[in-house]
Every structure is written in C-alpha cells, then in structure tokens.
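Asker: Got a predicted model here, sequence first, then my questions.
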Amino acid sequence: MAELAQIGVTGLAVMGRNLARNIARHGYRVAVHNRSYGRTESLIADHGDEGTFIASKETADFVASIERPRKIIVMVKAGAATDAVIEDLLPHLDEGDIIIDAGNAHFPDTIRREHDLAQKGIHFVGMGVSGGEEGALNGPSIMPGGAKESYTTLGPILEDISAKVDGVPCATYVGPDGAGHFVKMVHNGIEYADMQLIAEAYDLLRQGLGLEAPAIGDIFAQWNSGDLESFLIEITAEVLGHTDAKTGRPFVDIVLDQAEQKGTGRWTVQNALDLGVPITGIAEATFARALSGSVPQRVAAQAALPANAGQWDISDRDAFIEDVRRALYASKVVAYSQGFDQIAAASAEHDWNIDRGAMARIWRGGCIIRAKFLNRITEAYERQPELPLLLADEYFAKVVGDGLESWRRIVALAASNGVPVPAFSSSLSYYDGVRANRLPANLIQAQRDFFGAHTYHRTDAPGVYHTEWSGDRSETQES
Ligand SMILES: NC(=O)C1=CN([C@@H]2O[C@H](COP(=O)(O)OP(=O)(O)OC[C@H]3O[C@@H](n4cnc5c(N)ncnc54)[C@H](OP(=O)(O)O)[C@@H]3O)[C@@H](O)[C@H]2O)C=CC1
Ligand SMILES: O=C(CO)[C@H](O)[C@H](O)COP(=O)(O)O
C-alpha cells in the first residue's frame, strides 16, 4: 500500500496550488483536493513531477489519504466557502486532527470556528499567509494561531516552507484562537497604508515635477537602495517602468484610477474603532480607495468644485525629490507604529500575549510588506518589549525627527497646490497630536459637559466634576 500523505491541502486556486507545490518541493508527501476536480487535475498535470502528490476527487478519499493526526490546510475564499469546506471535511475527521485555515479569514470567524471545533475534538489553526502567488511557492511569511500544541506538530513544516531571512524562518506561533488571522489582518492594513503612501509620493513627483511614469520608476529604483528598501518600492519601480503593449504608453497611464479591496483593510479599521486605537494612516488609505471608487461623487465634484490652488514652482528638483522621500519614510514609520499599537491593544483585550518583535521578524521576508526597516522594528522591541509607541523608540524618533522639516514642506506644498495626500498629512497630524503637550480635547470635554452633563476631570485636582451650565454655573464634584 502507498504511503499516506503527511499533510493535505484543499483549495487549489493560485495560493493553495503553490503552497502545495512548495510543501511537496520540501520533500513532504502532500494530499491535494479541490471542490472542482479540474484544478486538482491541472496541478498534477503541470507539476506532478515536483514531489509526491496524492490527488483525490472525493473529500472522503482525500481525508483517508492523510496520516493521523491529520493536518489539512484549507486555502479557499474567506467566509462562507471556508465554513462549507469545514462542514464537508468534518464527517471524515477523527479526534486530534488539525484543520488549518490559511485564507484571509476575519478573526472573529476564526475565534468562533476554533471554539466550535474544539468541542468536537478537532484542532483549528487560523493561519495568516502572505506573499501572494510567488511567496506561496517560494516561501511566504506565515502567521499561525490556535492552540500552542498544534504548533508543536505543524511548526517544523511551516518553518521549512516559509521564507528565510539571515537563516531565520518567517514563521512563528502568534497566539491563541484568532491571533494569527488578526496579525495577518493588521499586516494587510499596513499594506494598504504603505501602498497609499507610495501612490501619494508618485502623484507628487508626477504633478510637482511633471515627470512621466518611467522617470518616476527610476527614482523609486534609487530609493530602493536606501532606508526605503522594500518589496513594495521594488515592484513600484517595475510597474512604473512597464509599457502597455497595446498603446505603447506607460502601463499605469492606462489603468483606471479606482482602487478595489477584498476587505482586510476595512476590517482593520473597523477593529481599530472598536479598540479605540488611532490608526489614521491605515484608515485614510482605506478611505482613499473608497474615494477613488466613488464615481458619481467624483463626477459631481469635478464639475462643481474649484481648485483655487497655486502653480507648482520647484526650483530645486533634487531637494524636492529628497523631501518626498523623507516624508514617505516618516509617514511609513507612523503607519507601522499605529499597526503595532493595534496589535498590542488586541493582544491585551483577547489575552493573546503577542510578541510584536517576533511579528516584525516574520514580516522581514516572504510577505508583501517585507522591508529592510523591519529589522529596526525587531531591534526596537528587543530593546524594550513593552515599548508604548514605536515612534518613540530612539532609532525611529531620530529618523522621523530628521525628516520632519521635509515632511512639513511636502504636506504644505501639496495643500497649496491642491494635491490630495491624505496618508502623508494624517500621519503628520498624528505625529503632532501624539507628541503635543496639550491637545484641544479639554474643550471637547467642556462641551460634552455643557450639553450632556458628561462630566470632566480637572488639571489641578483628582476627581470627576460637573458644572451646572443651565443654572448658576457652580461646580459639583461627582466622585
Ligand atoms: N491571492 C493572494 O494573493 C492571496 C490570497 N490569500 C487568501 O487565500 C485564499 C485563497 O486565495 P486564492 O488562491 O486567491 O483563491 P480565491 O480566493 O479566488 O478562492 C478560490 C478557491 O476557493 C474555492 N471555493 C470557493 N467557494 C467554495 C466553496 N463554497 N466550497 C469549496 N471551495 C470553494 C475554489 O474552488 P473551485 O475551484 O471549486 O471554485 C478555489 O479553490 C483566500 O482566502 C485569499 O483571501 C491570502 C494571501 C494572498
Ligand atoms: O492578503 C493579500 C496580500 O497580503 C492579498 O493579496 C489581498 O487580496 C490583498 O488585499 P486587497 O485585495 O484588499 O487589496
């Protein structure tokens, strides 16, 4: 009888197919399955010689082809499809088997699934995977949650197939139940902010200097050899340098300016609102996608609203480019700092005990936001594991401080020339807000007390106070 598979993958679209190939290429026997058998057949036809695959058409045969306790990776559309696959697998599973949901699930769904499956004796691991099609094949960043004991079984395979940076795997245990999918969600939120900031930098260079896409691509390529070195800067240079075969024009010039999303950025912002964590860079990036897709509003605004903006007059081209670069770096640090704040807040709320330095470490390779400066984030959390604000770390405080004048110049120039830079400007406002000695929130508290008797605290004495605004305006101490 043929040897059983060591692990199974069901869901063989771009991600599952490449993940299965990656696992097989590392010498593991992989059982493969997909709802429609065509994808399974094409995987075997195209790549069956890359390792040991055991293909099944029926779910029962697929499950039976895996050694116990079974490890089954589900890589399908998030949401109802994941529940459908779990329901389909369940009658064939035994106690102790492990289902690993590697899709982009919303973490509350993961918490629910882990809880429900635990009642049935099945381990459920919600696992974030980043790196796209290429990463899934050659080494993604992997963020598994669930019970720690599942990682004892799964960890060696996951670490084997993940990306490596300086020999260190970009995979580690994140925390209980939904922690893995939560961290992947915030990863994607940061991805949204990073992409929006890059798009704003491109727009400033385009409008400010009147440069064509390939010339801007050259600037991004240069930036990629410094502090900004990252996958997203690298692919931006490539995309900007690409020519549309049909028209001979720069490719980006023929792409419609309406950004779409599948939901992870929106979830990140919704969760930050629930937690009360200001992730302004990520939120503005998510809203900027929404604004780009608000077609009726954009058409109405273009017809009705004047720009009343100045004319660009840049005398020192190189100084302007350097200002944009510094503003980009500073805003990027803010987005990451806010994302790590959100992870800390959720970790405390759910008792997940997430190690932020370890998250930065597993994001250094394989994933979409991989970047040289993630090393600096890991170092910052190693210096101070409970660091309250990444921005305040000695390294980041210095680099952001060094870029501050540039950042202010760029935001002011953009405003006076009518160029929208929601992520640059909101990040600068966050910087000024979080460092302010005194914010105007005092007035908000006073207003709330005026119209709703919501009370306030005094700066000069402890306790909770209320003023009789509609009476004699005397103050009472409430507690
Ligand atoms: N694409 C990317 O870059 C990344 C994707 N992800 C996540 O990975 C997962 C897979 O992504 P991707 O490979 O792009 O594929 P898709 O998200 O396009 O999902 C297609 C797969 O889902 C299966 N499926 C859909 N509905 C059902 C159902 N009701 N029952 C059973 N199977 C179903 C399809 O089966 P069938 O062939 O029969 O239709 C197919 O295998 C998603 O959760 C995605 O968010 C994560 C990181 C990066
Ligand atoms: O998870 C991913 C990368 O990390 C996926 O590519 C995801 O689809 C990106 O999000 P969106 O489609 O909303 O831009």
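Answerer: Cool, the structure landed. Ligands and ions are numbered 1, 2, ... in the order given.

Asker: Counting neighbours, what do you get for F287?
Answerer: Other residues near F287 come to 18 when the count uses other CB atoms under 10 Å. No exception for glycine: its C-beta is placed from N, CA and C like everyone else's.

Asker: The helix or strand where it lies and ligand 2, any residue contact?
Answerer: In this assignment (DSSP states H and E), F287 forms part of helix 280-292. No. Counting by CB under 6 Å from any ligand atom, no contacts exist between helix 280-292 and ligand 2, the nearest distance being 8.1 Å.

Asker: How far off centre is the helix or strand that that helix is followed by?
Answerer: Counting by DSSP H and E, the next helix or strand C-terminal to helix 280-292 is helix 295-304. Counting by CA atoms, centre = their mean, to the nearest Å, helix 295-304 is centred 31 Å from the centre of its parent chain.

Asker: Equivalent analysis for stretch 147-161, please.
Answerer: Relative to the chain's own centre, stretch 147-161 is displaced by 23 Å; criterion: CA atoms, centre = their mean.

Asker: can you check stretch 321-338 too?
Answerer: Taking CA atoms, centre = their mean, one finds the center of stretch 321-338 at 17 Å from the center of the full chain.

Asker: Stretch 37-53 now?
Answerer: If you compare the mean C-alpha spot of stretch 37-53 with that of the full chain, they lie 31 Å apart, counting by CA atoms, centre = their mean.

Asker: Rounded mean pLDDT for it, please.
Answerer: Summarised as a single mean, pLDDT over stretch 37-53 is 98.

Asker: Can you tell me what sits against that stretch?
Answerer: 5, 12-13, 17, 20-21, 23-34, 55-57 (CB atoms under 8 Å, 6 or more residues apart in numbering).

Asker: and the closest residue to E229 other than its chain neighbours, what is it in contact with?
Answerer: With CB to CB, 6 or more residues apart in numbering as the measure, K372 is the residue that lies nearest to E229, at 4.1 Å, once sequence neighbours are left out. K372 makes contact with 227-230, according to CB under 8 Å, 6+ apart.

Asker: ok, now V186?
Answerer: The contact partners of V186, taken as CB under 8 Å, 6+ apart, are 268, 339, 342-343.

Asker: For these, pick the one with the most neighbours.
Answerer: Per-residue neighbour counts (other CB under 10 Å) across those peak at G339, which has 30 neighbours.

Asker: which secondary structure elements does the helix or strand hosting it contact?
Answerer: Under the criterion DSSP H and E, the helix or strand holding G339 is helix 317-350. Packed against helix 317-350, as judged by 3 or more CB pairs under 8 Å, 6 or more residues apart in numbering; DSSP states H and E, are the following elements: helix 179-209, helix 213-223, helix 264-275, helix 280-292, helix 356-362, helix 394-402, helix 404-416, helix 422-435.

Asker: if you skip the residues just before and after it, what's nearest to the residue in the stretch 101-250 of the chain positioned nearest to ligand 2?
Answerer: Ranked by CB to the nearest ligand atom, the top residue of the stretch 101-250 of the chain for proximity to ligand 2 is S130, at 4.2 Å. Across the structure, with CB to CB, 6+ apart as the measure, the residue nearest S130 apart from its sequence neighbours is C367 (3.6 Å).

Asker: Now the residue nearest to E229: phi and psi?
Answerer: phi -60, psi -40 (degrees, to the nearest 10).

Asker: do P144 as well
Answerer: The phi/psi pair for P144 (degrees, to the nearest 10) is phi -90, psi 140.

Asker: does it really touch Y173, like I thought?
Answerer: Yes. P144 sits in contact with Y173 when judged by CB atoms under 8 Å, with a separation of 6.2 Å.

Asker: So these two - more neighbours on which side?
Answerer: The neighbour count for P144 versus Y173, taken as other CB under 10 Å, is higher for P144 (27 against 23).

Asker: wait, what's in contact with the closest residue to ligand 1 within the stretch 151-300 of the chain?
Answerer: Among all residues of the stretch 151-300 of the chain, K262 sits closest to ligand 1, at 6.2 Å; criterion: CB to the nearest ligand atom. K262 is in contact with N104, counting by CB under 8 Å, 6+ apart.

Asker: Specify the local secondary structure of it.
Answerer: Three states are possible here, and by DSSP: H, G, I helix; E, B strand; the rest coil the one that applies to K262 is coil.

Asker: Any idea what V165 is bridged to?
Answerer: Listed beta-bridge partners, V165: V168 (assigned using DSSP bridges).

Asker: give the contact list for it.
Answerer: The contact partners of V165, taken as CB under 8 Å, 6+ apart, are 361, 364-365.

Asker: Between these, which sits nearest D316?
Answerer: R364 (35.3 Å; CB to CB).

Asker: Please state the backbone phi and psi of the closest one?
Answerer: Main-chain dihedrals, R364, degrees, to the nearest 10: phi -70, psi -20.

Asker: near ligand 2, which residues of the stretch 301-450 of the chain show up?
Answerer: The interface of the stretch 301-450 of the chain toward ligand 2, taken as CB under 6 Å from any ligand atom, is made up of I368.

Asker: Oops, could you answer that again for the stretch 101-250 of the chain instead?
Answerer: Residues of the stretch 101-250 of the chain found near ligand 2, taking CB under 6 Å from any ligand atom as the criterion, are 104, 130, 132, 188, 191.

Asker: My guess is the last one contacts W363. True?
Answerer: It stands for E191. No. E191 is not in contact with W363 according to CB under 8 Å; the separation is 10.2 Å.

Asker: Who has more neighbours out of these two?
Answerer: W363 (26 against 22).

Asker: so who does that one touch?
Answerer: By CB under 8 Å, 6+ apart, the contact list for W363 reads 130, 141, 170, 187, 369-370, 374.

Asker: again, but for L211
Answerer: With contact set as CB under 8 Å, 6+ apart, L211 has these partners: 205, 219.

Asker: And it, how far from I321?
Answerer: Computed as CB to CB, to the nearest Å, the L211 to I321 distance reads 10 Å.

Asker: Now list whatever residues contact both of these two.
Answerer: Overlap of the contact sets of L211 and I321 (by CB under 8 Å, 6+ apart) consists of 205, 219.

Asker: C-terminal to the longest strand seen in the chain, what's the next element?
Answerer: Using DSSP state E to define each element, the chain has its longest strand at strand 123-130. Once strand 123-130 ends, the next helix or strand along the chain (criterion: DSSP H and E) is helix 132-138.

Asker: I'd like to know the average pLDDT value across that following helix.
Answerer: The pLDDT scores in helix 132-138 average 97.
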